[in-house]
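Novice: Could you work out the structure for the sequence below:
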Amino acid sequence: QVQLVESGGGLVQTGGSLRLSCAASGLTFSRYTMGWFRQALGKEREFVVAVGVSGTSRATADSVKGRFTISRDNAKNTVYLQMNSLKPGDTAVYYCAAGGWGTTPAKYDYWGQGTQVTVSS
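Specialist: Numbers count the residues shown, from 1 in each chain. This is a model prediction of the structure:
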């Protein structure tokens, strides 16, 4: 049974930072692209960042470029999302996903339950 468990969300002020973690189990982690998506209230789920199997290939949404960084530790079956210079527009539920390379939800096979990030102004 595949499980992706996110942690690290919370409430932060504008300009602050948060680091999300996603621990994976039940799959061969090193064979999967890992991505982060987010969904704000009333909006569709949108791509944030992704990292390829080796950790060298990355894709980043324009809205977070220069502020968010994804990394992975294949020895720990964990992917991270470092979020800096947070803005109220970053408020959303953040989801970790495992799948093939891509920036659309359809490319990903497994999803976590999500963690809430709220940025106050």
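
Novice: ok, and the residue nearest to the spatial centre of the chain, which helix or strand is that part of?
Specialist: Compute the mean C-alpha point of the chain, and by C-alpha atoms, centre = their mean the closest residue is residue 36, 2.4 Å away. Taking DSSP states H and E as the criterion, residue 36 maps to strand 33-39.

Novice: now the angle from the helix or strand following that strand to strand 33-39?
Specialist: Downstream of strand 33-39, the first helix or strand assigned by DSSP H and E is strand 46-51. For strand 46-51 against strand 33-39, the angle by axes from the mean of the first three to the mean of the last three C-alpha atoms, to 10 degrees is 160 degrees.

Novice: which other helices and strands contact strand 46-51?
Specialist: strand 33-39, strand 58-60, strand 68-73, strand 78-83 (3 or more C-beta pairs under 8 Å, 6 or more residues apart in numbering; DSSP states H and E). For glycine as for every other residue, the C-beta is placed from the backbone atoms N, C-alpha and C.

Novice: Show me what the second one packs onto, helices and strands only.
Specialist: Right, strand 58-60. Applying 3+ C-beta pairs under 8 Å, 6+ apart, one finds that strand 58-60 makes contact with strand 46-51, strand 68-73.

Novice: which stretch among those strands comes nearest residue 26?
Specialist: In terms of C-beta to C-beta, the element of the helices and strands packed on strand 58-60 nearest to residue 26 is strand 68-73, at 16.7 Å.

Novice: which outside residues touch that closest one?
Specialist: With C-beta atoms under 8 Å, 6 or more residues apart in numbering as the test, strand 68-73 has contacts from 34-36, 48-51, 55, 58, 60, 78-84.

Novice: Mind doing that once more with 6 Å?
Specialist: The contact list for strand 68-73, computed with C-beta atoms under 6 Å, 6 or more residues apart in numbering, reads 34, 49, 51, 55, 79, 80, 81, 82, 83.

Novice: give me the number of residues near the closest residue to the third one other than its chain neighbours?
Specialist: Taking C-beta to C-beta, 6 or more residues apart in numbering as the measure, residue 51 lies nearest to residue 70, with 4.7 Å between them; neighbours along the chain are not counted. Residue 70 is surrounded by 22 other residues when neighbours are defined as other C-beta atoms under 10 Å.
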